[in-house]
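Participant: Got a sequence here, can you model it:
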Amino acid sequence: MLNYFIRRLLMIIPTFLGVTFIVFTITRFAPGGPVEMAILRYKQMQMEGGGGAMGAHGTAISEEMVEKLKKIYGFDKPFYISYLMWLGNVVQFDLGDSYTYSKPVWHVIKDRFPISLRFGVAGFLLAYLVCIPLGVLKAIKHGSTFDFTSSALVFVGYSIPGWVAGIVLLVLLGGGSFFNVFPLGGIHSMDYETLSLWGRLCDNIYHMILPVFCYTLGSFASLTILMKNSLIENLGKDYVRTAFAKGLSEKTVIFKHTLRNSLIPIATGLGSVFSIVISGSLLIEKVFNIHGFGLLGYNSILDRDYPVMLGILVFSSILYMLGNIFSDFLYCVIDPRIRLD
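Facilitator: Residues are numbered from 1 along each chain as shown. Model prediction:
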């Protein structure tokens, strides 16, 4: 089994190289890159300086300046040479400087790290702490009124996009035409710096309630039904019937013998605990005015801020692969009979 995990860890290297090389190559050949955008801004400045009456000669840009721009943005070398240089910097933990923010990518990502971590951990815990007990309860009460009612509610929640739910909740509870219960957005209040430690904690929770609910709304149905179906499937197996035949109570059979095996499918999603750092939803972050990784990645694509985009790719790809390995490890912990070769 140890050899299996060593092989999985070693496979991270070629997978990482393949993913980053493909994306890096696309950035070098995609139209409208940073060089073209810089040239466009320069021409617009020339036209504005000439009152908008300058002709084609007035907005021309010399080849020398084009070459300087290519050198500034790292487009003066063949793409494979540029990739090797970028990869060499990544190995030295240097992700370059952001074109938009004019500071190292590490600092740009570091500013968003606490925000994404806060919402990622809260959403992860809320989803699993609610869905696993709810799935178990639905399996025990399968076919009852509670089962049908809860299924209807979770599937209604699953059918509503998180950002739509966010807009509706803000209209209803954000001080619009109805109730002023929660803030309209942001991650803390205007007087946050003057609050005590307990006041800051409460303020953070107060601003997190609606966004975290919208983050996890879609996962409620899938996790709950997965837990329910897995438990029902295991309850129909021979070892469970044998346990009942020995006179064990239903509670003992479910929570001591069946639940552990039923958690194996859930362990697949538990691997995402590694990637909660870069979790985020662009539309939900736009609705609640949260400057997390989702909005950062979207803006980096629009602004052609390739260093930031590639920096997020480095984080997300490595964390995603580590999460998959962690899921395999959880399989072995939950069920020691599993042997990975």
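Participant: Show me the contact partners of the helix or strand containing Lys68.
Facilitator: When secondary structure is defined using DSSP states H and E, the element that contains Lys68 is helix 63-72. When contacts are defined by Cβ atoms under 8 Å, 6 or more residues apart in numbering, helix 63-72 is touched by residues 35, 38-39, 42, 75-76. In this view, the C-beta of every residue, glycine as well, is placed from N, C-alpha and C.
Participant: now, which of those residues sits nearest Arg7?
Facilitator: Phe75 (37.6 Å; Cβ to Cβ).
Participant: hang on, the closest one packs against Gly33?
Facilitator: Yes. Shown here, Phe75 and Gly33 form a contact pair, counting by Cβ atoms under 8 Å, at 7.1 Å.
Participant: Look at those two and report which has more neighbours.
Facilitator: The residue with more neighbours, out of Phe75 and Gly33 and counting by other Cβ atoms under 10 Å, is Phe75; that gives 19 against 16.
Participant: re the thing from before, please write out the alpha-carbon positions of the helix holding Lys68 in PDB.
Facilitator: This file holds the C-alpha atoms of helix 63-72, laid out as PDB (Å, rounded to 0.1, in the frame of the first residue of the first chain):
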ATOM      1  CA  GLU A  63       8.600  48.200 -33.600                       C
ATOM      2  CA  GLU A  64      11.100  49.100 -30.900                       C
ATOM      3  CA  MET A  65       8.400  49.800 -28.400                       C
ATOM      4  CA  VAL A  66       6.600  46.600 -29.300                       C
ATOM      5  CA  GLU A  67       9.700  44.700 -28.600                       C
ATOM      6  CA  LYS A  68      10.200  46.400 -25.300                       C
ATOM      7  CA  LEU A  69       6.600  45.500 -24.300                       C
ATOM      8  CA  LYS A  70       7.200  41.900 -25.300                       C
ATOM      9  CA  LYS A  71      10.300  41.900 -23.100                       C
ATOM     10  CA  ILE A  72       8.500  43.400 -20.200                       C
END
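Participant: just checking, what packs against the helix or strand just after it?
Facilitator: Sequence-wise, the next helix or strand downstream of helix 63-72 (DSSP H and E) is helix 79-91. Where contact means 3 or more Cβ pairs under 8 Å, 6 or more residues apart in numbering; DSSP states H and E, helix 79-91 is packed against helix 2-29.
Participant: What is the neighbour count of Leu69?
Facilitator: 19.
Participant: State the distance from it to Asp305.
Facilitator: When distance is defined by Cβ to Cβ, to the nearest Å, Leu69 is 15 Å away from Asp305.
Participant: of all the contacts of helix 63-72, which two lie farthest apart?
Facilitator: Spanning the widest gap among the contacts of helix 63-72 are Tyr42 and Asp76, at 17.5 Å by Cβ to Cβ.
Participant: Show me the shaky parts of the stretch 1-150 of the chain.
Facilitator: By pLDDT under 70, the low-scoring segments of the stretch 1-150 of the chain are 49-60.
Participant: one step back: check which residues of the helix holding Lys68 are buried.
Facilitator: Of the residues in helix 63-72, those buried by neighbour count under the rule 16 or more other Cβ atoms under 10 Å are 66, 69-70.
Participant: returning to what we had before: drop anything exposed from the contacts of helix 63-72.
Facilitator: Neighbour-count burial (16+ other Cβ under 10 Å) applied to the contacts of helix 63-72 gives 35, 38, 75.
Participant: quick one: what helix or strand has the first one in it?
Facilitator: Going back to what we said before, that points to Val35. Using DSSP H and E, the element containing Val35 is helix 34-49.
Participant: chain center to the lengthiest helix in the chain, what's the gap?
Facilitator: Taking DSSP state H as the criterion, the chain has its longest helix at helix 197-235. Per Cα atoms, centre = their mean, to the nearest Å, the displacement of helix 197-235 from the mean C-alpha position of its chain is 15 Å.
Participant: For that helix, list every residue counted as buried.
Facilitator: Of the residues in helix 197-235, 203-204, 207-208, 210-221, 223-232, 234-235 count as buried by neighbour count, 16+ other Cβ under 10 Å.
Participant: Would you map out the domains in the chain?
Facilitator: For the chain, the domain assignment from automatic domain parsing gives the residue ranges 19-91, 105-334.
Participant: between the ones you listed, which one is nearest to Leu9?
Facilitator: If you check each of the domains of the chain against Leu9 by Cβ to Cβ, domain 105-334 wins as the nearest, at 6.8 Å.
Participant: Off-centre distance for the closest one?
Facilitator: Averaged over its C-alpha atoms, domain 105-334 has a centre that lies 11 Å from its chain's centre (Cα atoms, centre = their mean).
Participant: Quick check: end-to-end length of it?
Facilitator: With Cα to Cα, to the nearest Å applied, domain 105-334 spans 39 Å between its terminal residues.
Participant: which regions of the stretch 201-341 of the chain lie under the pLDDT threshold?
Facilitator: 271-280, 336-338, 340-341.
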